[in-house]
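1. how would this look folded up:
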Amino acid sequence: MKLIDYLPKMNIILYLKGKTKLEIIEELLSQMDKLGLITDYHAALHDILAREANHSTGLENGIAIPHAKTEATEKLCMVFGLKKEGVDFKTLDDKPAYLFFLVLSPLNTSGPHIQALALITRNLKNFEMREKIKNCSSAAEIVQIFESFD
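-> Purely as a prediction, here's the structure:
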């Protein structure tokens, strides 16, 4: 599995508009809904927010990976969004998040969900890679970077 397998150009939002954690999650989830990746927006939102209430998915180094298992999808799905100004996402390092990956999986699976989260974090450990993504001016550029991920 490669990250690009889940993130074609249409799954990328270059300029997120949200100014809060909730607005970012809703915007990413709306993109999933538009793409037909989920069957029930409200059920998916409930599951994501329940996961966030348990433990923030804001990591370090400007990365947030809101994720959940939900009945609202039949397969692992993912969208990515970029917010160049950053958003307070209750990250582990108390710094703004810029790179957002929303990952949803069916309730009855665990392996692919964990693998997807590990794939994102492993490939974004590199400072230069994160900066390259932050400085992209098109979804096509982001796709090219994701294609280089292992």
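2. which residue is the nearest non-sequential neighbour of the residue nearest in space to the middle of the chain?
-> Centroid-nearest residue in the chain, with C-alpha atoms, centre = their mean: residue 101, separated by 0.9 Å. Setting aside the residues directly before and after it, residue 101 is nearest to residue 65 in space (C-beta to C-beta, 6 or more residues apart in numbering), at 4.7 Å. Bear in mind the C-beta positions are built from the backbone N, C-alpha and C, glycine included.
3. got phi/psi on that neighbour?
-> Backbone torsions for residue 65, taken as degrees, to the nearest 10, come to phi -130, psi 70.
4. burial measure for it, as a count.
-> For residue 65, the neighbour count with other C-beta atoms under 10 Å is 20.
5. show the model's pLDDT score for it.
-> We have a pLDDT of 97 for residue 65.
6. report all helices and strands that the helix or strand bottoming out on mean pLDDT in the chain contacts.
-> Every helix and strand in the chain was compared by mean pLDDT, DSSP states H and E; the lowest is helix 111-123, with a mean of 90. If you count contacts as 3 or more C-beta pairs under 8 Å, 6 or more residues apart in numbering; DSSP states H and E, helix 111-123 packs onto strand 67-70, strand 97-106.
7. right, I'll leave it there.
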